[in-house]
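> below are the sequence and a predicted model for it; my questions follow.
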Amino acid sequence: GGGGSKTPRTPKPKSEMPPPEAKIPDVIPRGEAAATARLTPPKPTPFEVAEGAVVVSLGQVDARPGFHDPTHVYPLGYRTEWSNEGATAKFISEIAEHEHHHGDKNDKGRDKP
């Protein structure tokens, strides 16, 4: 082994998140959710959310199948980014339209958009 003395690491303080503007329950009726959304001004992007993740784009609501279900909306173009502590890697998550390439040997079993 390495036999050197080790200095204990002090955890970095997490950035304090401001309190939410309005307390919204996890499950509310669709009509009530729509009314609340109409009254809530959109938050400008980019903005930081939990643990340093950044919402880069809120995307656009798309009514086609695959971009929503009875309890969730998956806005096309929604994008988040997060970098690890040393900024040696950046993780990007985005809701994007599937590009189907006809004749691609790797596309067996994939659904068309």
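Cool, the structure landed. Numbering: from 1, shown residues only.
> this structure: helices as residue ranges?
Per DSSP state H, the chain carries helices over the ranges 30-39.
> residues near residue 99, how many?
Neighbours of residue 99 under the rule other CB atoms under 10 Å: 8. (Each C-beta comes from the backbone N, C-alpha and C, glycine too.)
> that one and residue 69, how far apart?
Using CB to CB, to the nearest Å, residue 99 is found at 22 Å from residue 69.
> backbone dihedrals for the nearest residue to residue 71 once chain neighbours are set aside, please?
In this structure, residue 71 finds its nearest non-sequential neighbour in residue 27, 7.6 Å apart by CB to CB, 6 or more residues apart in numbering. Phi and psi for residue 27, reported as degrees, to the nearest 10, are phi -130, psi 120.
> show me where this structure has its strands.
Taking DSSP state E as the test, the strands found in the chain are 47-48, 54-57, 79-83, 90-94.
> and those: which comes nearest residue 32?
For residue 32, the closest of the strands of the chain is strand 54-57, at 23.6 Å, according to CB to CB.
> who's in contact with the closest one?
Strand 54-57 has contacts (CB atoms under 8 Å, 6 or more residues apart in numbering) with 45, 46, 47, 48, 49, 77, 78, 79, 80, 81, 82.
> buried sites along that strand?
Buried residues in strand 54-57, counted by 16 or more other CB atoms under 10 Å: 55, 56, 57.
> any chance of these in TSV, plus pLDDT?
What follows is those, written out as TSV (pLDDT from 0 to 100):
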residue	pLDDT
55	96
56	97
57	95
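> export these to TSV and tack on distance to residue 36?
Converted to TSV, those look like this (distance: CB to CB, whole Å):
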residue	distance to residue 36
55	19
56	24
57	21
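> tell me which of the residues you listed is nearest to residue 86?
When those are compared against residue 86 (criterion: CB to CB), the nearest one is residue 56, at 20.9 Å.
> let me know the pLDDT of residue 13.
Note on residue 13: pLDDT of 52.
> ok, residues contacting stretch 65-76?
In contact with stretch 65-76 (CB under 8 Å, 6+ apart) are residues 27, 58, 59, 60, 61, 62, 95, 96, 97, 113.
> just the buried ones among the residues you listed, please.
The buried subset of the contacts of stretch 65-76 - by 16+ other CB under 10 Å - is 59, 62, 95.
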